[in-house]
Structure formats: structure tokens, C-alpha cells
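K.L.:
Sequence plus predicted model, see below.
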Amino acid sequence: MTLLFVNAKQVVTCAGAPRGRVGAEMRDCGVLTGTAVAVEGDRIAAVGSRAQLDARYESATVIDCGGGVLTPGLVDSHTHAIFGKPRYEEQERRAAGADYMEIARQGGGIHSSVRDLRARDGDELLALARPRLARLASYGTTTVEVKSGYGLSIDDELKILRVIKELAAELPMRIVPTWLGAHEIPKEARATPATRASYVKMLRENMLPLVVAERLAVFADVFCEPGVFTIDETRDLLLAARRSGLQLKLHADELAPSGGAELAAELRATSADHLAAISPGGIQALAKSGTVATLLPGTMLFLGKGTRPPARALIDAGAAVALATDFNPGTSPTPNLPFILTLAVSELHMSVAESVLAATVNGAAALGLAGETGQLTPGFSADLALFDVEDIRELPYWYADRRCKRTWVRGKACHSSDLPIT
Ligand code: NIG
Ligand code: FE
């Protein structure tokens with residue numbers, strides 16, 4: 001099937017090197033006018049003038065973009081989309097002065113989602129996840145990373161990863177699965193240093209081999225944070241994951257600096273995520289290692305924290321910065337990636353081009369997919385998003401609005417605003 005996208009006011013290609021963009025490379029996201037895009041099968045075939053492509057693709061099905069803006073499909077490279085109930089009561093507790101970590105120490109936070117998820121079967125989780133992923137897609141996301149991490153036992157983590165696998169087979173979106181068995185030390189393992197150590201050992205020696213044997217994950221991730229997993233535990237787990245063939249991610253320096261970014265660089269992890277409390281040494285280390293710095297400013301906003309990840313310092317140091325929602329029930333219940341672009345421009349002082357590249361090419365790089373998606377360039381996967389705006393600068397401008405009209409993944413229709421989301 002050949003498609004010809006015409007009548008876009010702007011085509012934003014994000015074209016360039018198939019890797020995380022750094023520094024001055026992030027200044028230009030490739031805004032073209034008078035441009036059409038041809039798709040053959042699941043690939044972008046050509047980007048050029050309408051007249052040229054009309055002649056070359058005479059029998060193509062024409063898709064009229066209606067004066068909107070056509071972009072690469074957005075890449076949300078960090079979500080925890082598989083969970084049971086929402087946790088709105090914690091938002092009010094924080095408003096009344098409670099802190100996120102304090103709520104967790106009292107058995108809430110991740111522990112609360114773990115108790116809830118363990119009581120549900122895979123079918124229930126699947127039914128809850130489908131409309132949530134449809135919401136993510138409805139804002140322009142075509143590739144989404146989804147983590148496990150609310151199970152924290154072999155059976156429950158495998159249950160989540162199987163749900164993710166099922167969703168990946170069933171939905172048009174590209175779904176990248178991450179094993180996050182090290183999201184928390186479960187309550188039952190917190191009793192003594194010995195029970196804690198045996199949880200880490202169980203993750204490494206029992207759970208990881210099962211995840212790998214069933215091919216349930218591409219990435220391994222660890223919540224490396226004071227009060228959760230230490231630097232040594234994180235290194236131990238991630239080295240084992242790498243030996244088993246998984247790529248690496250870290251939740252690093254989210255709330256307090258503990259050397260997480262430095263560890264990500266040392267391990268040459270694909271990405272280090274959060275980084276609101278990154279040290280100056282961590283910034284330099286990420287810039288040198290090529291590890292993508294994935295920023296999740298929605299989380300800091302929702303937690304009511306005054307701190308924000310230092311996007312400018314990271315970009316200026318030469319790090320590849322990506323943006324993602326961190327969609328999860330505790331710290332960032334938004335499926336809206338364009339809203340994260342608003343935070344990037346208004347609060348992190350990123351330019352529009354930088355924020356668009358951070359949610360396309362660099363999001364893809366954070367998933368090891370920079371050669372496959374994230375740009376409208378011949379040969380890349382035909383992943384596109386059409387927005388009801390005339391200028392790409394309107395994407396972060398109409399904040400928290402849903403301007404996405406349609407998306408395509410691998411050349412096939414994914415989201416359409418004419419259809420109900422659930
Ligand atoms: O990325 N920081 C750790 N994990 C999630 C929050 C999970 C939760 O509170 O349920 C995050 O913010
Ligand atoms: Fe997270």
C-alpha cells in the first residue's frame with residue numbers, strides 16, 4: 001500500500017544522523033513547507049515537493065493533511081503503564097504536607113500499587129491497559145516504552161511482562177518492554193539486611209533468567225535512589241542483565257543525588273532517566289558516555305517539587321536529551337507527551353526544536369531505535385503524527401490540549417480523533 005501525505009502546512013522531518021542529537025544539532029528539527037511525504041508499505045519512501053511525488057506515486061492513496069502539521073510519531077521512552085487502581089489520595093496527602101518518600105515508607109506509593117496489582121489477573125490488567133495506551137496514542141505517541149515493576153515477585157513481574165507482550169502483539173503502536181523488577185524492595189524483603197540481599201539475589205539469579213528465556217524484555221531498569229536500590233545493588237543487577245543480553249536503563253538521581261548518572265555513564269547504559277537531582281559531575285559523565293539523558297519534568301510538577309532537571313546544562317554540556325511522560329499512577333498520571341514539551345519549553349528553557357527532537361529522535365535513541373523511528377527520512381519506519389496546528393510552535397503552546405488528529409505506525413493507521421478512544 002502506498003500513501004501520499006499532502007497539504008500539510010509544515011512537515012517536520014527531524015531528519016539527520018540516526019543517533020541521539022547533541023548540542024547545536026538540537027537547534028533544527030527540519031521544518032519544511034510545500035512538502036509531501038510518500039509511504040510505501042511500512043517505510044517512508046520519499047519526502048519532496050507535491051508535484052514531484054504526485055508524478056512518482058500516481059496510484060498512491062492520498063491523505064489530505066488539511067493544513068495541519070505532520071511530524072514523526074512521538075516516542076514516549078519512559079512509562080509504567082501497567083497498573084491497577086489510580087492513587088489520587090496521595091496527591092491530596094502531598095498537598096497537606098506529606099512527602100513522596102515518606103508516603104512510601106508508610107506502605108503507600110509503589111507498595112500500594114504492588115498490593116493492588118498482585119490481586120489482579122493478567123486479563124484484568126490487559127483490559128485496564130488498553131484504554132490507557134489508546135490515550136497515550138491520542139496525543140501523538142506511536143512508540144512507547146512500558147515497564148513492569150508493580151509486581152516485585154516472579155509470578156507478578158512475569159504476569160505484567162506477558163501483558164505487555166500481548167499488547168505489543170495486539171496494538172498498532174510500537175511497544176518496547178522493560179523489566180523493572182528492581183522498582184522497590186518489597187515490604188516483605190525489607191525486614192533485615194539479609195532479606196534485602198536475598199531479594200536482590202532472587203532478581204538476579206531467578207527472575208532475570210526467566211524474563212530472558214521468555215524474551216519478555218528488551219531493557220532492564222533499576223530505581224537507583226537513596227532509600228531504594230543502592231549504587232552497588234544497581235551495578236550488580238544491571239551487569240547481570242547486560243550479560244543476559246538486555247540493554248540498560250536507570251531511574252537515576254530523581255530526588256537526591258547519589259551517583260546514579262555517573263553509574264549510568266560507567267555502564268554505558270542506553271539512558272539515565274529523571275536526573276532532577278543530577279550532580280555537575282553526572283552531567284559531564286553523561287555528555288561523555290553518550291547515554292541519553294531522559295527528562296521527566298511532569299513528575300516533578302505533579303509531586304509539587306520545586307526542582308527541575310537541568311536540561312540546559314545537559315544540552316550545553318553535549319548530552320543527548322530526551323523527554324518522556326513517566327506515565328504512572330503515583331508520580332505522573334499524564335498520557336500527554338506534548339504537555340511535557342510545554343514544560344520543557346516553559347520551565348526547562350528548551351527551544352521548541354530541542355523539545356521536538358527530544359520527543360522523537362532522542363526518544364528513539366533512548367530505546368536503541370534511532371535508526372528505525374523518530375524521523376521522516378526515506379528508509380525509516382512510517383511512523384507519523386498529524387496535528388491540528390499550523391506551526392510546530394503551537395504544539396507546546398496550546399498546553400495540555402489534545403491537538404493530535406491522526407497517527408500511523410509502520411504505515412498503518414493507529415490513532416484517529418474521529419474514533420472514540422476507549
Ligand atoms: O518514575 N521513581 C520511581 N518510579 C516511578 C514512580 C512510581 C510510583 O510512584 O508508582 C517514577 O516516578
Ligand atoms: Fe519512572
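P.N.:
Done, it's in. Ligands and ions are numbered 1, 2, ... in the order given.
K.L.:
So residue 340 versus ligand 1, what's the distance?
P.N.:
13 Å (Cβ to the nearest ligand atom, to the nearest Å). For the C-beta atoms, the positions are set from N, CA and C on the backbone; glycine is no exception.
K.L.:
Verify the stated contact: that residue with residue 323.
P.N.:
Yes. In this structure, residue 340 is within contact of residue 323 by Cβ atoms under 8 Å, at 5.1 Å.
K.L.:
and for those two, which residues touch both?
P.N.:
296-297, 359 (Cβ atoms under 8 Å, 6 or more residues apart in numbering).
K.L.:
Could you export those as TSV, including pLDDT, secondary structure and distance to ligand 1?
P.N.:
Formatted as TSV, those follow (pLDDT from 0 to 100; DSSP: H, G, I helix; E, B strand; the rest coil; distance: Cβ to the nearest ligand atom, whole Å):
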residue	pLDDT	secondary structure	distance to ligand 1
296	98	coil	7
297	98	helix	12
359	99	coil	17
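K.L.:
Of residue 340 and residue 323, which one has the most company?
P.N.:
residue 323 (33 against 29; other Cβ atoms under 10 Å).
K.L.:
Excluding residues flanking it in the chain, which one is nearest the more buried one?
P.N.:
Spatially, and ignoring its direct neighbours in sequence, residue 323 is nearest to residue 358 (4.2 Å; Cβ to Cβ, 6 or more residues apart in numbering).
K.L.:
neighbours of that neighbour, just the number please.
P.N.:
34.
K.L.:
any low-confidence regions in the protein?
P.N.:
420-422 (pLDDT under 70).
K.L.:
Return the residues of it in contact with ligand 1.
P.N.:
Within reach of ligand 1 by Cβ under 6 Å from any ligand atom, the chain has these residues: 80, 109-110, 113, 223, 251, 254, 299, 326, 328-331.
K.L.:
and residue 75, backbone torsions?
P.N.:
phi -120, psi 110 (degrees, to the nearest 10).
K.L.:
surely it meets residue 358?
P.N.:
No. Residue 75 sits out of contact with residue 358 when judged by Cβ under 8 Å, with a separation of 9.4 Å.
K.L.:
Now do the shared contacts for the two.
P.N.:
In contact with both residue 75 and residue 358: residue 322, using Cβ under 8 Å, 6+ apart.
K.L.:
Tell me who's in contact with the closest residue to ligand 1 within the stretch 251-400 of the chain.
P.N.:
Proximity of the stretch 251-400 of the chain to ligand 1 (Cβ to the nearest ligand atom) peaks at residue 330, 2.4 Å away. Neighbour list for residue 330: 87, 90, 100, 109-110, 113 [criterion: Cβ under 8 Å, 6+ apart].
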